[in-house]
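Colleague: Next one to model:
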Amino acid sequence: MKQKTIDRIRKFTEDRDWEQFHSAENLAKSIVIEAAELLECFQWSEEYDEQHVKEELADVLVYCQNMLDKLGLDADEIVNMKMAQNEAKYPVEKARGNAAKYDRLS
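Modeller: Now for the predicted structure:
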């Protein structure tokens, strides 16, 4: 996310004095709730309302940024750490075109 967007999220939260409600537990719950609302966009068919998907996905991202701030984490750092783990678990030569979990790749 661009720094300008991150700053906007932070200002929105700060202006409303909502940090007091942003425990790690509450933020984790909020991420799951918003992710469920995103999933609901696809509940009964493959057709979806793009605007609604954008709104729910944005909610997930905003809460994720709030969680990063709460825990003092850097998004790039933790994503790259996880990508390194995934690359080791799913080597291209075994995983390409295969949806199997890493422990079932041969």
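
Colleague: Show me which positions of stretch 7-20 end up buried.
Modeller: Buried residues in stretch 7-20, counted by 16 or more other Cβ atoms under 10 Å: I9, T13. Every C-beta, even on glycine, is put in place using the N, C-alpha and C of the backbone.

Colleague: same question for that stretch, mean pLDDT?
Modeller: Averaged across stretch 7-20, the pLDDT comes to 98.

Colleague: Need the contact partners of that stretch.
Modeller: H22, V62, Q65, N66, D69 (Cβ atoms under 8 Å, 6 or more residues apart in numbering).

Colleague: ok, the first one - contacts?
Modeller: Shown in contact with H22 (Cβ under 8 Å, 6+ apart): T13, N66, K70.

Colleague: okay, now the domains of this protein?
Modeller: Domain segmentation of the chain under automatic domain parsing yields 1-73, 74-106.

Colleague: Just give me the lowest mean pLDDT stretch among those domains.
Modeller: Among the domains of the chain, domain 74-106 carries the lowest mean pLDDT (a mean of 94).

Colleague: That one: end-to-end distance?
Modeller: One end of domain 74-106 to the other measures 34 Å (Cα to Cα, to the nearest Å).

Colleague: Stretch 41-58 too?
Modeller: Distance across stretch 41-58, first residue to last, is 13 Å (Cα to Cα).

Colleague: hmm, who's touching it?
Modeller: The contact list for stretch 41-58, computed with Cβ under 8 Å, 6+ apart, reads E34, E37, L38, E40.
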